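Got a predicted structure here, sequence first:
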Amino acid sequence: MNTKIYKKEIKLPDGRIISIETGKLAKQADGSAVIQMGNAMLLATVVSSRKASPVDFLPLTVDYREKFAAAGKFPGGFFKREARPSNDEILTMRLVDRVLRPLFPKDYHYETQVMIQLMSHDDDVMPDSLAGLAASTVIQLSDIPFEHPISEVRVARIDGELIVNPSRSRLEESDIDIMIGASYDSVSMVEGEFDEISEEEMTNAIKFGHDAIKTQIDIQNELVQEVGKKETRDYDHGDENKDLFNKIHDDCYKKCYEIAKSGLGKSERSEQFSSLKEDLIKSFSEEELEENGNLISTYFSKVEKEAVRELVLSEGIRLDGRKTTDIRPIWTEVSYLPSTHGSSIFTRGETQALATVTLGTSRDANIIDSPTNQGEENFYLHYNFPPFCTGEARPLRGTSRREIGHGNLAQRALSKVFPNDCPYTVRVVSEVLESNGSSSMATVCSGTMALMDAGVKISKPVSGIAMGLISDGERYSVLSDILGDEDHLGDMDFKVTGTDNGITACQMDIKIKGLSYEILEKALEQARLGRLEILDEMNKTIKEPASSVKPHAPKMVKVIIEGDFIGAVIGPGGKVIQEMQKETGTTIVIEEEDEKGVVEILGTDQEMIDSVIKKIDDITFKPKAGETYNVKVVKILDFGAVVEFRPGKEVLLHISEIAWERVEKVEDYLKIGDSLDVKYVGFDPRTKKQKVSRRMLIERPKKEK
């Protein structure tokens with residue numbers, strides 16, 4: 001082998017090892033490395049084009065894929081090869097992208113691809129917790145301009161103890177599951193779910209994860225130093241014209257400040273900024289516009305951003321006229337849609353989400369089948385963000401990564417209050433109808449109310465709020481319930497959901513360096529107060545689950561039967577179960593579980609459901625020795641009568657067991673159609689048949705002296 005292989009190891013507190021190796025694979029990439037933990041191996045590469053892209057932003061692609069061969073599996077479906085990424089893969093891409101993107105130079109507009117592939121899987125290792133380390137390492141090994149190394153870790157709390165990068169099985173025991181992305185100096189990304197924990201507990205988990213990240217960054221630096229740091233490549237920084245910027249600043253700053261201070265709505269404010277920009281463009285000659293058209297637009301945006309931020313920092317006034325802690329007006333409604341199983345509208349300012357709930361059987365569960373994760377979800381949430389919600393007309397290209405990410409956040413927030421014993425599979429769909437600031441948090445609120453409207457017994461209602469931050473390094477202001485523009489112009493987007501007891505989920509992206517824990521704690525406390533205020537507004541409409549499902553919604557009953565009877569309930573070729581469904585208009589699903597049969601009966605008519613239960617009881621009936629049963633005479637014989645426990649469940653009542661006295665003719669005592677009580681004796685060892693007795697229930701006559 002011509003090239004030298006370099007390897008470094010990170011030892012976790014519990015003795016597990018993470019290794020980083022470079023120089024062996026994918027050497028034509030700008031940077032490549034293999035990250036290994038146990039038997040899990042990730043191959044990461046980065047390549048950045050040498051030719052600038054015509055766009056005025058960084059065209060960065062972060063791609064994470066899990067190969068089925070890594071787990072010794074075949075891809076499902078007709079075409080046996082990996083196709084579009086799964087939701088889990090997309091969520092991992094987003095986790096990495098959100099930490100990397102702010103650290104490239106603002107003027108670096110070169111096509112850049114970070115590719116991370118799971119090549120070998122280990123059931124005790126969750127590979128998404130290693131993806132951030134892999135991405136940062138390969139960038140550090142390249143000559144691509146990048147501010148400083150980062151890493152990501154997962155932190156879980158199990159039995160009160162915080163641990164780094166747990167296995168999936170151990171994670172199921174935890175009450176904290178949080179992914180943290182950070183540089184050596186500051187945290188830049190947080191996303192997780194919690195069992196109603198306090199703000200202090202969340203902060204402690206972030207600090208714990210940050211300490212682990214510092215160790216991983218040290219190892220990256222050691223590896224790069226040993227390999228030899230490449231000199232950062234030269235690139236075109238674009239045009240700069242300070243005189244032009246100063247002119248636009250002098251002409252537009254005060255006007256932008258006044259528009260920002262006017263407290264106008266989104267559309268009116270946008271119109272005024274657009275009008276001001278058009279007037280600015282008209283003030284330049286055609287030659288100036290041809291030479292500096294892009295710069296004029298860029299500099300105007302910078303001036304607008306500076307004015308808006310200064311208004312908040314100096315006067316505490318926001319774009320819509322609110323104070324920093326104010327929450328926009330809220331109105332809510334439930335049962336808006338007459339035919340759904342549950343529905344609600346949540347409107348906060350210019351953000352509106354309409355949520356629906358659908359109740360189904362286990363057949364409607366969301367099937368998860370990836371190389372690293374298999375199972376079913378009986379509660380899941382889908383989030384839709386159509387173009388009209390922001391007043392746009394653009395092509396529809398399927399579900400976006402943003403929609404998947406926001407839906408996942410809302411699902412995690414609500415899953416913490418979803419009942420473990422819910423008999424239904426529950427699907428929540430959030431349709432965002434208007435958006436100007438945190439439609440994902442509106443989804444949490446509308447989803448909560450729709451679940452309660454549907455009669456799903458969630459333990460507590462959940463609300464959510466998006467927090468923002470504006471800071472110039474010395475001054476800072478934390479903003480409650482941010483607008484879309486405040487998200488774009490601000491330094492932080494921090495979404496927090498929870499009950500009145502504690503936090504259930506969060507998602508945070510920070511665009512500035514050195515965010516102190518003091519600011520983080522202030523943001524969390526301000527979010528708690530805002531969250532409770534929103535919850536109070538929701539409670540005015542609905543504060544607890546409906547006592548029952550709606551009349552037109554399906555009722556669900558579960559019946560447990562002995563495993564031996566599953567075939568009898570289904571019938572030959574499914575004849576019995578199909579007949580029951582046809583006669584009663586119900587849906588019947590049978591699953592085998594722990595050598596038992598779990599029968600789900602779903603229907604809108606309770607009488608029909610009861611009818612199915614009775615038929616299943618008849619099929620699975622098994623008399624117990626010593627018990628008394630009411631039976632029906634179905635046949636008279638010379639030596640006894642055939643009696644029926646349930647349809648199809650017959651036994652012979654022998655002539656000797658009809659009465660204490662000698663019975664000559666059965667017809668003298670019984671007729672077809674008669675009902676009588678008998679005692680089930682069990683199997684007679686002599687005849688090897690079931691035995692029942694009527695005379696055992698009759699008082700024995702006294703003998704004459």
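Okay, I see it. A quick note: this is a predicted structure, and the numbers were derived from the prediction, not measured. Numbers count the residues shown, from 1 in each chain.

Walking through the stretch 451-600 of the chain, point out its helices one by one.
484-489, 517-539, 566-570, 575-584 (DSSP state H, counting those that start in this stretch).

I would like the residues contacting the strand ranked longest in the chain, please.
Taking DSSP state E as the criterion, the chain has its longest strand at strand 40-52. Contact with strand 40-52 is made by 25-26, 29-36, 70, 109-122, 125, 127, 130-131, 134-135, 137-139, 142, 144, 233, 235-236, as judged by CB atoms under 8 Å, 6 or more residues apart in numbering. In this view, the C-beta of every residue, glycine as well, is placed from N, C-alpha and C.

among these, which ones are buried?
26, 29-36, 70, 109-122, 125, 127, 130-131, 134-135, 137-139, 142, 144, 235 (16 or more other CB atoms under 10 Å).

can you map out the helices along the protein?
Secondary structure of the chain (DSSP state H): helices located at 87-100, 128-141, 168-171, 199-227, 242-261, 266-282, 286-315, 401-415, 439-453, 484-489, 517-539, 566-570, 575-584, 606-620.

Return the distance of the shortest one from the chain's centre.
Relative to the centre of its chain, helix 168-171 is centred 17 Å away, using CA atoms, centre = their mean, to the nearest Å.

for the longest one, same thing?
In terms of CA atoms, centre = their mean, the gap separating the centre of helix 286-315 from the centre of its chain is 39 Å.

who's in contact with Ala353?
Counted by CB under 8 Å, 6+ apart, Ala353 has contacts 345-346, 430-433, 439, 442-443, 445-446.

For it, give its distance to Pro387.
Separation of Ala353 from Pro387 (CB to CB, to the nearest Å): 16 Å.

now Glu231
45 Å.

The closest residue to Val631 other than its chain neighbours pairs with what?
The shortest distance from Val631 to any non-neighbouring residue, by CB to CB, 6 or more residues apart in numbering, is to Val643 (3.9 Å). Note on Val643: beta-bridge partners by DSSP bridges are Val633, Val651.

related to what we said a few turns ago, Ile158: which of the contacts of Ala353 is nearest?
Each of the contacts of Ala353 was checked against Ile158 using CB to CB; the closest is Thr443, at 29.6 Å.

burial of that closest one, as a residue count?
34 (other CB atoms under 10 Å).

That one against Glu431, yeah?
No - Thr443 lies out of contact with Glu431 (CB atoms under 8 Å); the separation is 9.3 Å.

list residues touching both of these two?
353, 355.

quick one: buried residues of the longest strand of the chain?
40-48.

Among those, which one lies nearest to Thr425?
Ala40 (31.6 Å).

And the closest one, how close does it get to Ser19?
In terms of CB to CB, Ala40 sits 11 Å off from Ser19.

Any stretches of the stretch 201-350 of the chain with poor pLDDT?
Within the stretch 201-350 of the chain, no stretch has pLDDT under 70.

Angles on the backbone of the closest residue to Leu451 other than its chain neighbours, please.
Nearest residue to Leu451, sequence neighbours excluded (CB to CB, 6+ apart): Ile458, at 5.3 Å. Note on Ile458: its backbone torsions stand at phi -70, psi 150 [degrees, to the nearest 10].

from what I can see Ile458 touches Pro545, true?
Yes - the pair Ile458 / Pro545 is scored as a contact, 6.1 Å apart, by CB under 8 Å.

Nearest spatial neighbour of the residue nearest the centre of the chain, chain-adjacent residues omitted?
For the chain, the residue nearest the mean C-alpha position is Asn408 (3.0 Å; CA atoms, centre = their mean). Excluding its sequence neighbours, the residue lying closest to Asn408 (CB to CB, 6+ apart) is Leu91, at 5.8 Å.

I'd say Ala307 and His249 touch.
No - Ala307 is beyond contact range of His249, at 9.6 Å (criterion: CB under 8 Å).

Out of the two, name the residue with the larger neighbour count.
Higher neighbour count among Ala307 and His249: Ala307, with 22 against 17, using other CB under 10 Å.

Distance-wise, check the more buried one relative to Arg328.
Distance from Ala307 to Arg328, by CB to CB: 22 Å.

try Gly360
Distance of Gly360 to Arg328, given as CB to CB: 35 Å.

same deal with Ser675?
According to CB to CB, Ser675 stands 70 Å off from Arg328.

Those two: which is more packed in?
Arg328 (17 against 10).

How about the contacts made by that one?
With CB under 8 Å, 6+ apart, Arg328 has these contacts: 320, 322, 348-351, 437, 481.

what about 7 Å?
Arg328 makes contacts with 348-349, 481, as judged by CB atoms under 7 Å, 6 or more residues apart in numbering.

Next: Leu103.
Counting by CB under 7 Å, 6+ apart, Leu103 has contacts 146-148, 150.

Also Glu403?
Counting by CB under 7 Å, 6+ apart, Glu403 makes contact with 383-385.

and with 10 Å instead?
90, 382-386, 430, 432, 440 (CB atoms under 10 Å, 6 or more residues apart in numbering).

And Asn241, by the same measure?
247-248, 291-292, 295-296, 299.

swap in Ile609?
Contact analysis of Ile609 by CB under 10 Å, 6+ apart lists 554-557, 584-586, 588, 601-603.

picking up where we left off before, go ahead and confirm the residue nearest to Val631 touches Ser675.
Yes - using CB atoms under 10 Å, Val643 is in contact with Ser675, at 9.3 Å.

which residues do the two both contact?
630-633.

Name the member of these that has the highest neighbour count.
Val631 (25 neighbours).

Tell me, what's the model's pLDDT at that residue?
Listed pLDDT for Val631 reads 88.
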